[in-house]
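[1] only geometry, no sequence info:
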Ligand SMILES: Cc1ncc(COP(=O)(O)O)c(C=O)c1O
């Protein structure tokens, strides 16, 4: 799309005010908002300020556009997507919405982000057993065979839960392969997709994922506290809506009808008033990604990650992430023998380079508007710190 720092980028850096201050390489943390999303937030808020309830119809329409854009990014039907608060809420909906019996098994990798684990650990008081898959080696590898091994160690699990992309080292799980394994063993598959959705093309329905969730504030380049929740239509009868309200029923807005007739679509998981301003920004970000093309964004992110790996290796770094084609993601984890990752991330921050320290290494996560010039700034600071 545009030239910045000598690179053609699929997303326009001029749409990101953060580029004036930062080489922003921390999309696995919290993304900076692009201008179209800021404008959508402002516009929506002003419409409520000016017209109150009379802005509601437009905002409902906007919600539907957000849902449609999220569904396209996920590769699922729009009617199977609910607009929710955040990833943790979606995981909680799955953990608490399924019917459990004592002795039911859930299989989850070790080293997951706490929100991917806690809702299922919290089912211990209902007799649910959580069995862990051990990632192999420094890259945190989680091949499908590792899941198969744990699954085979007991009765067929009711549910397998995993992040699509692990938040620490960036290992990308083969969801299509895991989906086949789950189908063969009769397990449901729940994928936390926040560390990939928006930057890597997804086909969750085709891959056999039953439940998936992601908030806006990472690779979707959206706001904090607005996200997408996918429930495969055929699984919806298994998942009890935990917060049924006026917005969950087929006859929403028919206030005199008190019958609890749940909507046939994933809207049944939306209990009350949606986050209209947040969803407007989420829509703007999601549509921006779709306009650029997620495949193009991914090619760009992947090339920047290759550059990061090559250049940080040249200044003494060890790349811990698995960079084989099917396992790699937009997260690169690099360790330096004599540099504490926390101190290094802080030094980078002072030099205007945003990344973070995770799992004992520097975690770098570029997006579709970053340039090779941003990577040069990263490498320059690391070289100076190492000198
Ligand atoms: C894999 C993963 N899941 C969930 C979360 C938290 O998501 P949310 O704040 O949207 O609940 C994070 C945040 O870093 C994450 O990396």
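    Received the coordinates, thanks. Everything numeric in this text was worked out from a predicted model, so none of it was measured.

[2] all contacts plus neighbour counts: C-alpha atoms, from now on.
    OK.

[3] So, low pLDDT: which residues of this protein?
    Applying pLDDT under 70 to the chain flags the ranges 1-7.

[4] tell me which parts of it are close to the ligand?
    By C-alpha under 6 Å from any ligand atom, the part of the chain that sits against the ligand consists of 29, 86-88, 113, 115-116, 163, 166-167, 192, 194-195, 215.

[5] Apply 8 Å and report the result again.
    28-29, 85-89, 112-116, 163-168, 192-195, 214-217, 224-225, 227 (C-alpha under 8 Å from any ligand atom).

[6] Next step: those residues restricted to helices.
    87-89, 114-116 (DSSP state H).

[7] Drop anything exposed from those residues.
    Those of those that meet the buried threshold are 87-89, 116, by 16 or more other C-alpha atoms under 10 Å.

[8] Pull the most distant pair out of the residues you listed.
    89 and 116 (10.3 Å; C-alpha to C-alpha).

[9] ok, and the residue located most distally from the centre of the chain, which helix or strand is that part of?
    Computed with C-alpha atoms, centre = their mean, the residue of the chain farthest from its C-alpha average is residue 256, at 38.8 Å. For residue 256, there is no host helix or strand (DSSP states H and E).

[10] next one: the one 3 residues further on
    In this assignment (DSSP H and E), residue 259 forms part of neither any helix nor any strand.

[11] That one and residue 371, how far apart?
    55 Å (C-alpha to C-alpha, to the nearest Å).

[12] neighbour count winner among these two?
    When neighbours are counted by other C-alpha atoms under 10 Å, residue 259 and residue 371 differ, and residue 371 comes out ahead with 23 against 9.

[13] That one is in contact with residue 9, isn't it?
    Yes - using C-alpha atoms under 8 Å, residue 371 makes contact with residue 9 at a distance of 6.9 Å.

[14] Residue 356 reaches residue 348, doesn't it?
    No - counting by C-alpha under 8 Å, residue 356 does not reach residue 348; the two are 9.1 Å apart.

[15] rewinding a little: which of the residues of the chain next to the ligand count as buried?
    Buried subset of the residues of the chain next to the ligand (neighbour count, 16+ other C-alpha under 10 Å): 28-29, 85-89, 112, 116, 163-168, 192-195, 214-217, 224-225, 227.

[16] Show residues contacting the longest helix along the chain.
    Ranked by number of residues, the top helix in the chain under DSSP H is helix 294-314. Contact with helix 294-314 is made by 9-11, 73, 198-201, 289, 318-319, 329-332, 334, 365-368, 371-372, 375, 379, 382, as judged by C-alpha atoms under 8 Å, 6 or more residues apart in numbering.

[17] thinking again about what came up before, what about the residues of the chain next to the ligand, which are in strands?
    Secondary structure from DSSP state E places 163, 192, 214-215, 227 of the residues of the chain next to the ligand in strands.

[18] Out of the residues you listed, flag the one nearest to the ligand.
    Nearest to the ligand out of these is residue 215 (C-alpha to the nearest ligand atom; 4.4 Å).

[19] For the residue nearest to that closest one when sequence neighbours are not counted, list the residues it contacts.
    Computed as C-alpha to C-alpha, 6 or more residues apart in numbering, the closest residue to residue 215 that is not its neighbour in sequence is residue 227, at 3.8 Å. Shown in contact with residue 227 (C-alpha under 8 Å, 6+ apart): 83-87, 213-216, 279, 282.

[20] if I look at residue 227, how far off is residue 219?
    On the measure of C-alpha to C-alpha, residue 227 and residue 219 end up 12 Å apart.

[21] give me phi/psi at the nearest residue to residue 176 once chain neighbours are set aside?
    Among residues not flanking residue 176 along the chain, residue 207 sits closest, at 4.1 Å (C-alpha to C-alpha, 6+ apart). Reported as degrees, to the nearest 10, the phi and psi values for residue 207 are phi -80, psi -10.

[22] Quick check: residue 65 touching residue 285?
    No - Residue 65 lies out of contact with residue 285 (C-alpha under 8 Å); the separation is 11.5 Å.

[23] quick one, which of the two is more surrounded?
    Counted by other C-alpha under 10 Å, residue 65 and residue 285 do not tie: residue 285 has more neighbours, with 29 against 20.

[24] The helix or strand harbouring that one to helix 294-314, inter-axis angle?
    Residue 285 belongs to helix 276-292 when assigned by DSSP H and E. For helix 276-292 against helix 294-314, the angle by axes from the mean of the first three to the mean of the last three C-alpha atoms, to 10 degrees is 80 degrees.

[25] buried stuff in helix 276-292?
    276-290, 292.

[26] Now the two most distant members of those residues.
    The largest separation in the buried residues of helix 276-292, counting by C-alpha to C-alpha, is between 276 and 292 at 24.3 Å.

[27] Pairing partners for residue 162 in the sheet, please.
    Here residue 162 sits in beta bridges with residue 191, going by DSSP bridges.

[28] Contact partners for it?
    Taking C-alpha under 8 Å, 6+ apart, we find residue 162 in contact with 108-109, 112, 116, 190-192.

[29] same check, this time on residue 76
    203-205, 230.

[30] which one of those residues sits closest to the ligand?
    residue 230 (14.2 Å).

[31] What about the spatially closest residue to that closest one that is not a sequence neighbour, how many residues nearby?
    Excluding the flanking residues, the one nearest residue 230 by C-alpha to C-alpha, 6+ apart is residue 81, at 4.6 Å. Residue 81: 29 surrounding residues under other C-alpha under 10 Å.

[32] From the ligand, how far off is residue 81?
    16 Å (C-alpha to the nearest ligand atom, to the nearest Å).

[33] can you check residue 99 too?
    For residue 99, the distance to the ligand - C-alpha to the nearest ligand atom - is 23 Å.

[34] which SSE is that residue in?
    Going by DSSP H and E, residue 99 is not part of any helix or strand.

[35] Report the residue ranges of every domain in this structure.
    Under the assignment automatic domain parsing, the domains of the chain span 2-33+293-386, 42-290.

[36] Thank you kindly, that will do.
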